[in-house]
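1. dropping a prediction and its sequence here:
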Amino acid sequence: MSTRPDNWWKSATAYQIYPRSFCDSNGDGIGDIPGIISKLDYLAELGVGFIWLSPVYRSPMADNGYDISDYQDIAPEFGTLADFDRLLAGARERGIGIVMDLVVNHSSDEHPWFIESRASRDSAKRDYYIWRDPAADGGPPSDLQSFFGGPAWTLDEATGQYYLHLFDRKQPDLNWENPALRQAIWKMMNWWLDRGVAGFRMDVIDLIGKEVDKGIVADGPRLHEYLQEMHRETLAGRDVVTVGEAWSASTDNALLYCGRDRDELSMVFQFEHVTQQHDEKLGKWKPKPFDLVALKRVLNKWQAALAEDGWNSLFWGNHDLPRAVSKYGDDKVYRVESAKMLATVLHLMKGTPYIYQGEEFGMTNAAFSDISQFKDLETLNFYRLQVAEGVSPEAFIAGANENSRDNARTPVQWSDAPQAGFTTGTPWIDINPNYREINADQAVRDPESIFAHYRSLAGLRCELPVIVNGDYRPWFEEHPQVFAYSRHLDGQTLTVVANFSDRPLQLDVPEAMRAEGRGLIANYDCRDHIGATLSLQPYEAFAVLS
Ligand code: ISL
Ligand code: CA
């Protein structure tokens, strides 16, 4: 790694792999590590700098690997440690780093730590987890709810205490207040770092400082103390990238995680642009109509907040979110145009862009018709809860087809072959029938494809420092259809203009925004100047360097 430039992850384009749905090498219907290895050339061609690999550890798979029973082994359905080492080596040969998913807010209930912890009240590892006595009436210690629905406490009959699980009952929360637990985590992290991984994406990391007796879950008082200890004990002196998943991160506290003198993380995933679209009561199951002005307000605010210090992560989608083109674009008439527009707008902002598998050729939401097609425990739990409260199954499925996590989890559509070339067997979750038109094979061969567009963007990042380091200035902040901004560095200006709608439009361009120079990228005809007026086609987007 010593040949890499300083802060290599700032000019890199990241790519997320959700292994279960990526590529199946042995016909069992489940994606695996040899499948990933077989696609490394594809990822190199796309221009990926590092892969965020969703969990591949040994796991009972209650939450598809976000429930780990052995942090230092690979799940047999995904392969072996030897396969993993081959993946690391193959990626390294192509200049690609592998970033592991660090899931340490909780483990699986099948982890030996939890098995020992629950064995008796005075077990040596009792305190690795969060146990509390029942309330006076025998019920849960508090009314804290799990993010997956239902109480966050489950009674262990044998020892008569409740354990905390902010997610599924098969995901007991680890007790970060215990120094021995923290030491065990540092040891495990160093083991992976010594093996050669390029860093960590840290699952729900803003929850580790919780003070559960005070009802404080996210952004707890000891969070940053733990992250600094983690840095000291594992990351310091290593040239790695870290990104913390932090739903509670705001522009007020972001620099606590990634400020230059903090010695914590490289960046966080913040979700304000996602949650601002959710209903106050029913959350993501009842999304609000899309509001571009509100979306821009959030993204522009983050660009401003981390302008001088810290670093942004940029993403439209991940394995928990709907498909970008379905959520923010038009996945029917203007699928290609809008997918390219979304990539252009996102990848030319300041920060590290993350592509979620399949996004690079415009995969769409799942459009399931029956609840039996959904596999995600979160969706299935909320279905039960909400239907019991009177929501009709049809209404719930309509919401789930917009926002369920399964939208992102249908298998990657590699080709128009049977099962989309994902598997020779029966896939663990239904493949989107649109794979005959929408697939990687087609996209790689077509010079005008969404894939080609993403590849150009990744190339431009490496070529032009203004994309990586330039200042950010928004334009047309209150315009309901236009997303525009410029970037500035050393006398160069990069201007990005996008029509975020399916209607053509006419714009009067302020003097200071006009530009003349080199057309960098476009999804319609190339443009090398921005004059006093602009007319934009549906979802048109382009960038000019002047
Ligand atoms: O997807 C969500 C938003 O509705 C949350 O329910 C989600 O669980 C949250 O984003 C936290 O996500 C992370 O931790 C979970 C795991 O299920 C997710 O896949 C992971 O990204 C528990 O480990
Ligand atoms: Ca397999």
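-> Received, thanks. Ligands and ions are numbered 1, 2, ... in the order given.
2. looking at this, Arg455 is in a helix?
-> Yes. Arg455: assigned to a helix according to DSSP: H, G, I helix; E, B strand; the rest coil.
3. name the element the residue nearest the centre of the chain belongs to?
-> In the chain, the residue lying closest to the centroid (CA atoms, centre = their mean) is Asn318, at 3.7 Å. In this structure, Asn318 sits in neither a helix nor a strand according to DSSP states H and E.
4. next up, the contacts around it.
-> Gln16, Phe269, Tyr354, Tyr356, Ala408 (CB atoms under 8 Å, 6 or more residues apart in numbering). In short, each C-beta sits where N, CA and C put it, glycine included.
5. what mean pLDDT does the longest helix seen in the chain get?
-> Ranked by residue count under DSSP state H, the longest helix found in the chain is helix 179-195. Helix 179-195 carries an average pLDDT of 98.
6. how about residues contacting that helix?
-> By CB under 8 Å, 6+ apart, helix 179-195 touches 71-72, 85, 88, 100, 102, 104, 113, 127-128, 174-176, 200, 226, 229-230, 233-235, 238, 240.
7. again, only using 6 Å
-> Applying CB atoms under 6 Å, 6 or more residues apart in numbering, the external contacts of helix 179-195 come out as Tyr71, Gln72, Met100, Val104, Tyr128, Leu174, Asn175, Glu233, Thr234, Arg238.
8. could I get those residues as a markdown table with neighbour count and distance to Ser501?
-> As requested, the contacts of helix 179-195 are exported to a markdown table (neighbours: other CB atoms under 10 Å; distance: CB to CB, whole Å):
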| residue | neighbour count | distance to Ser501 |
| --- | --- | --- |
| Tyr71 | 23 | 46 |
| Gln72 | 13 | 50 |
| Met100 | 24 | 39 |
| Val104 | 24 | 42 |
| Tyr128 | 22 | 52 |
| Leu174 | 25 | 46 |
| Asn175 | 22 | 49 |
| Glu233 | 15 | 49 |
| Thr234 | 22 | 46 |
| Arg238 | 15 | 45 |
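9. related to what we said a few turns ago, look at the residue nearest to the centre of the chain and report its pLDDT.
-> On the pLDDT scale, Asn318 gets 98.
10. again with Thr3
-> 49.
11. Asp6 now?
-> Per-residue pLDDT puts Asp6 at 68.
12. one more: Phe200?
-> 98.
13. contacting residues for Ala305?
-> Going by CB under 6 Å, 6+ apart, Ala305 touches Thr251.
14. that one and Glu477, how far apart?
-> Look at Ala305 and Glu477: by CB to CB, to the nearest Å, they are 15 Å apart.
15. same question for Asp331.
-> Distance of Asp331 to Glu477, given as CB to CB: 27 Å.
16. for Val293, same thing?
-> From Val293 to Glu477 the distance is 7 Å (CB to CB).
17. if we can go back for a sec, can you give me the buried ones in the longest helix of the chain?
-> Using 16 or more other CB atoms under 10 Å as the test for burial, helix 179-195 gives Leu181, Arg182, Ala184, Ile185, Met188, Met189, Trp192, Leu193.
18. just the CA trace of it, in PDB.
-> Provided in PDB are the C-alpha atoms of helix 179-195 (Å, rounded to 0.1, in the frame of the first residue of the first chain):
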ATOM      1  CA  PRO A 179     -12.800  -2.800  28.700                       C
ATOM      2  CA  ALA A 180     -12.100  -6.500  28.100                       C
ATOM      3  CA  LEU A 181     -14.700  -6.600  25.300                       C
ATOM      4  CA  ARG A 182     -13.100  -3.500  23.700                       C
ATOM      5  CA  GLN A 183      -9.700  -5.200  23.900                       C
ATOM      6  CA  ALA A 184     -11.100  -8.300  22.200                       C
ATOM      7  CA  ILE A 185     -12.500  -6.100  19.400                       C
ATOM      8  CA  TRP A 186      -9.100  -4.300  18.900                       C
ATOM      9  CA  LYS A 187      -7.400  -7.600  18.600                       C
ATOM     10  CA  MET A 188      -9.800  -8.800  16.000                       C
ATOM     11  CA  MET A 189      -9.500  -5.600  14.000                       C
ATOM     12  CA  ASN A 190      -5.700  -5.800  14.100                       C
ATOM     13  CA  TRP A 191      -5.900  -9.400  12.800                       C
ATOM     14  CA  TRP A 192      -7.800  -8.200   9.700                       C
ATOM     15  CA  LEU A 193      -5.600  -5.200   9.200                       C
ATOM     16  CA  ASP A 194      -2.500  -7.400   9.400                       C
ATOM     17  CA  ARG A 195      -4.000  -9.600   6.800                       C
END
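19. begin at 38 from here
-> Happy to do that; since the first residue is 38 now, the last one works out to helix 216-232.
20. circling back to that earlier point, got the buried residues of helix 216-232 as TSV, with distance to Ser523 columns?
-> TSV is the format used below for the buried residues of helix 216-232 (distance: CB to CB, whole Å):
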residue	distance to Ser523
Leu218	48
Arg219	45
Ala221	49
Ile222	43
Met225	45
Met226	40
Trp229	40
Leu230	39
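21. next SSE downstream of the helix or strand harbouring Ile73?
-> Using DSSP H and E, Ile73 sits within helix 70-74. Following helix 70-74 in sequence order, the next helix or strand is helix 77-83 (DSSP H and E).
22. show me which residues of the stretch 38-187 of the chain are close to ligand 1?
-> Asp100, Tyr103, Val140, Phe184 (CB under 6 Å from any ligand atom).
23. compare these and tell me which is most surrounded.
-> Val140 (28 neighbours; other CB atoms under 10 Å).
24. related to what we said a few turns ago, quick one: which of the contacts of Asn355 is most hemmed in?
-> That'd be Ala445 among the contacts of Asn355, by other CB under 10 Å, with 26 neighbours.
25. what residues does that residue make contact with?
-> Listed by CB under 6 Å, 6+ apart, the contact set of Ala445 reads His356.
26. same thing with Arg275?
-> By CB under 6 Å, 6+ apart, the residues touching Arg275 are Leu230.
27. and the helices in the stretch 38-187 of the chain?
-> 45-48, 70-74, 77-83, 118-130, 149-156 (DSSP state H, counting those that start in this stretch).
28. looking at those helices, which is nearest to Gly528?
-> Nearest of the helices of the stretch 38-187 of the chain to Gly528, taken as CB to CB: helix 45-48 at 19.9 Å.
29. quickly list the domain ranges of this structure.
-> 45-144+216-401+473-492, 149-201, 505-582 (automatic domain parsing).
30. count the neighbours of whichever residue of the stretch 288-437 of the chain sits closest to ligand 1 for me.
-> The minimum distance from the stretch 288-437 of the chain to ligand 1, using CB to the nearest ligand atom, falls at Asp357 (3.4 Å). Counted with other CB under 10 Å, the neighbours of Asp357 add up to 20.
31. need the phi and psi values for it.
-> Per-residue torsions, Asp357: phi -110, psi 0 (degrees, to the nearest 10).
32. please name the nearest non-neighbouring residue to it.
-> In space, and not counting its chain neighbours, Asp357 is closest to Arg442: 4.9 Å by CB to CB, 6 or more residues apart in numbering.
33. I'd say the one you found and Lys412 touch.
-> No. Using CB atoms under 6 Å, Arg442 makes no contact with Lys412, being 9.3 Å away.
34. counting neighbours, go ahead and name the busier of the two.
-> Ranked by neighbour count (other CB under 10 Å), Arg442 and Lys412 place Arg442 first, with 22 against 18.
35. what's near enough to touch that one?
-> Going by CB under 6 Å, 6+ apart, Arg442 touches Asp357, Asp413, Glu415.
36. circling back to that earlier point, so what does the helix holding Ile73 touch, helix or strand wise?
-> Under the contact criterion of 3 or more CB pairs under 6 Å, 6 or more residues apart in numbering; DSSP states H and E, helix 70-74 touches helix 118-130.
37. got the angle for the helix it packs on vs helix 216-232?
-> In terms of direction (axes from the mean of the first three to the mean of the last three CA atoms, to 10 degrees), helix 118-130 departs from helix 216-232 by 60 degrees.
38. packing partners of helix 118-130?
-> Other elements packing on helix 118-130 under the criterion 3+ CB pairs under 6 Å, 6+ apart are helix 70-74.
39. which one of the buried residues of helix 216-232 is nearest to ligand 1?
-> Ile222 (15.2 Å).
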